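**Student:** Here's a sequence, model it:
(one chain, ligands or ions: 1)
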Amino acid sequence: MSGRQSCLRPVVLASGSAARRDMLSQAGIAAVLQPPGLDEAPLKAELRAAGATADETALALARAKAEAALRQWPAGRAAPVVIAADQVLTCGGEWYDKPADLAAARRQLLALRGRTHRLTSAAIVWAGEDSPWQAVDSADLTMRRFGDAALDACLARDPQAALATVGGYRMEGPGLQLFERFEGDWFTILGMPLLPVIARLRHLGVVPE
Ligand SMILES: Nc1nc2c(ncn2[C@@H]2O[C@H](COP(=O)(O)OP(=O)(O)OP(=O)(O)O)[C@@H](O)[C@H]2O)c(=O)[nH]1
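**Tutor:** Residues are numbered from 1 along each chain as shown. Model prediction:
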């Protein structure tokens with residue numbers, strides 16, 4: 001069998017995340033991009049108020065994004081295999097969200113300075129089963145006690161990261177200079193536990209064994 005995608009069903013990535021888009025395409029998986037257009041904040045607040053853990057919250061949000069994408073899928077087209085994901089950042093019992101602007105990103109990075117925070121990434125792969133396949137994984141990242149100059153240089157070099165990522169940094173960019181070490185899967189940090197997702201796609205016949 002060629003290395004080409006073998007499934008007749010389209011693969012949909014229910015995400016607006018460039019990192020998730022890039023990791024799938026770089027792994028040779030062609031996906032239709034369909035940002036879910038979901039306002040995560042109220043659902044996230046509801047989950048937190050109910051005492052949901054970071055794992056439970058990321059899984060629930062990923063599932064909500066997959067459901068939103070399925071609702072938008074044109075009737076009559078071959079049912080897709082939908083991939084969705086979500087990432088939660090926690091540190092010392094605090095939960096952090098994507099910064100609203102550069103000033104918020106700076107404040108958030110200062111709050112994380114010299115500490116270890118956790119990125120919890122969940123993925124859903126839904127091929128029409130009653131309940132979707134899911135995976136969740138975490139990585140622990142320790143930030144240096146970086147100086148203000150290092151922080152401002154990082155924000156100046158990569159302002160997009162400050163607004164597009166939950167931590168306000170891109171590990172594959174200048175943000176790496178803010179870190180001392182990290183423990184966990186690289187793709188989990190970037191936004192999705194990729195290897196389990198690819199294994200699921202293999203199980204579904206989307207990519208060859
Ligand atoms: N490139 C990059 N992205 C990161 C990194 N850390 C976190 N992210 C991104 O931070 C974002 C986490 O926010 P989410 O709410 O899970 O996803 P989103 O960006 O809103 O995209 P949706 O899937 O459409 O909800 C994701 O896009 C992750 O890919 C990193 O080190 N590098």
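**Student:** What is the burial count for Leu204?
**Tutor:** Leu204 has 18 neighbours, counted by other C-beta atoms under 10 Å. No exception for glycine: its C-beta is placed from N, CA and C like everyone else's.
**Student:** And the one 5 residues further on, by the same measure?
**Tutor:** The number of residues packed around Glu209, counting by other C-beta under 10 Å, is 7.
**Student:** Which secondary structure elements does the lengthiest helix in the chain sit against?
**Tutor:** Of all the segments of type helix in the chain, defined by DSSP state H, the longest one is helix 54-72. When contacts are defined as 3 or more C-beta pairs under 8 Å, 6 or more residues apart in numbering; DSSP states H and E, helix 54-72 sits against helix 40-49, strand 81-91, strand 116-126, strand 133-143.
**Student:** what residues are up against the residue in the chain that the ligand sits nearest to?
**Tutor:** Closest contact between the chain and the ligand, by C-beta to the nearest ligand atom, is at Gly191 (2.6 Å). Counting by C-beta atoms under 8 Å, 6 or more residues apart in numbering, Gly191 makes contact with 17, 19-20, 23, 85, 87, 121.
**Student:** Quick check: it vs Ser17, distance?
**Tutor:** With distances taken as C-beta to C-beta, to the nearest Å, Gly191 is found 5 Å from Ser17.
**Student:** This completes my enquiry, with thanks.
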